[in-house]
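Chemist: the amino acid sequence is not available; the structure is as follows:
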DNA sequence: GTCAATGCAAACATTTTGCAACTCT
DNA sequence: AGAGTTGCAAAATGTTTGCATTGAC
């Protein structure tokens, strides 16, 4: 689902992040540098815990609070975005190399499918125009059963109770 | 945005709830009865705190834990549904009398507009079919600026920083 | 040297849970 | 009578914040 991120992509993201920080009088610290590389190297959806583990395995010691603070910065400068699936933690994904997409979430096994959202954006713009709303973005998820779960339970064909 | 709920509507919801509970060997307690009437009488989006306040003002003493537990039951039997706007608490709305709709959320003032989602459902079904996903429901929100906020800030035309 | 960032622990907010007392059926 | 329910307080979770120390520019 995600394309590999090359060293060149990382360098590009780095300059975006540096410029963003410089414009705001903020510093490009070692922790921020290593966090940027970490989020760029994780191609699935990730949460704070995952980043902490990745950092730990790579031998970097970064405090939990710093991870929270830096993820917010990375989100604000458009390198990552929040994707939420109803769990209580916040999940993110990096944007680079990802075509615009939304998600289908299987209510039985939790699997997540991505799909191109061009049609969704088009519909969104149409709907927004109708009520004179200035649309900037959206959140869209389709909930249901993935093919495997649907086929494996022909009897009930009901999602698991939660 | 919501239509008034008549006594008759409440009686209908009551029988749905009772039957749901009976089928599962659970009890229709005084707390559950009063909570059902409370959620049916609130026509905006509400959270746990709001229900607690409503109950208190009506002179009913129901524990916080019971409110959490009962909202889950009411959700499972389809009388209310979760609607989330990125805040940390969970918000709900009752379904009765509401046409199927989704929301547009103003990122500046927080105002929430509802809109008919028939077209969204249609698109969802089309998209799901394409990837052989068995769609059951969806979550969709359009984020941006409402008409008033868009007009009132011709200079920046940017959402408030968060 | 200055001002911002970090790490830690404490604080917070929301939701869940264990359990003794209680109440529908 | 018996099984499920309640309220309370404690626990669990995820995230934020205060502050002394450290580090970038």
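Modeler: Yep, that arrived. Note that the coordinates shown come from a computational prediction; the quantities given were computed from them, not determined experimentally.

Chemist: where does the residue positioned nearest the centre of chain A land in three-state SS?
Modeler: With distances taken as Cα atoms, centre = their mean, the residue of chain A nearest its centroid is residue A:93 (2.1 Å). Local secondary structure at residue A:93 is given as strand here, using DSSP: H, G, I helix; E, B strand; the rest coil.

Chemist: what's the answer for the one 3 residues further on, then?
Modeler: Following three-state DSSP, we place residue A:96 in the coil state.

Chemist: who are the contact partners of the closest residue to it other than its chain neighbours?
Modeler: Distance criterion Cβ to Cβ, 6 or more residues apart in numbering or on different chains; nearest residue to residue A:96, sequence neighbours excluded, is residue A:9 at 5.5 Å. Using the backbone N, CA and C atoms, a C-beta is placed for each residue, glycine as well. Shown in contact with residue A:9 (Cβ atoms under 8 Å, 6 or more residues apart in numbering or on different chains): A:40, A:96, A:97.

Chemist: now the nearest residue to residue A:46 once chain neighbours are set aside: how far from chain B?
Modeler: Take residue A:46 and drop its neighbours on the chain: the residue closest to it by Cβ to Cβ, 6+ apart is residue A:92, 5.9 Å away. Separation of residue A:92 from chain B (Cβ to the nearest Cβ, to the nearest Å) stands at 14 Å.

Chemist: contact partners for residue A:92?
Modeler: A:39, A:45, A:46, A:47, A:71, A:75, A:80, A:81, A:82, A:83.

Chemist: go with 10 Å
Modeler: By Cβ atoms under 10 Å, 6 or more residues apart in numbering or on different chains, the contact set of residue A:92 is A:39, A:42, A:45-48, A:50-51, A:71, A:74-75, A:79-84.

Chemist: again, but for residue A:84
Modeler: Neighbours of residue A:84 in contact, by Cβ under 10 Å, 6+ apart: A:45, A:90, A:91, A:92, A:103, A:139, A:141, B:84, B:86, B:139.

Chemist: what of residue A:88?
Modeler: Per Cβ under 10 Å, 6+ apart, neighbours of residue A:88: A:47, B:88, B:90.

Chemist: what is the burial count for residue A:103?
Modeler: Residues lying near residue A:103 (other Cβ atoms under 10 Å in any protein chain shown) number 20.

Chemist: meant to ask about residue A:55, not that
Modeler: Counted with other Cβ under 10 Å, the neighbours of residue A:55 add up to 20.

Chemist: again with residue A:10
Modeler: 15.

Chemist: and it, what does it touch?
Modeler: Residue A:10 makes contact with A:36, A:37, A:40, A:41, A:96, according to Cβ under 10 Å, 6+ apart.

Chemist: okay, it: pLDDT?
Modeler: With respect to pLDDT, residue A:10 has a value of 92.

Chemist: note down every partner strand of the longest strand anywhere in chain A and its orientation.
Modeler: Identified as the longest strand of chain A according to DSSP state E is strand A:134-145. Sheet pairing of strand A:134-145 (DSSP bridges) gives strand A:101-106 (parallel), strand B:134-145 (antiparallel).

Chemist: now that strand: average pLDDT?
Modeler: pLDDT averaged over strand A:134-145 gives 95.

Chemist: so where's chain A uncertain?
Modeler: A:1-4, A:153-162 (pLDDT under 70).

Chemist: contact residues of it facing DNA strand C?
Modeler: By Cβ under 7 Å from any atom of the strand, the residues of chain A that approach DNA strand C are A:21, A:25-27, A:29, A:31-32, A:61-66, A:69-70, A:88.

Chemist: so what's residue A:138 bridging to?
Modeler: Beta-bridge pairing for residue A:138 (DSSP bridges): residue B:142.

Chemist: tell me how far it lies from DNA strand D.
Modeler: According to Cβ to the nearest atom of the strand, to the nearest Å, residue A:138 and DNA strand D sit 21 Å apart.

Chemist: residues from chain A in reach of DNA strand D?
Modeler: Counting by Cβ under 7 Å from any atom of the strand, chain A sits next to DNA strand D at A:27-30, A:47-48, A:64-65, A:68-69, A:72, A:87-90.

Chemist: done for today, thanks.
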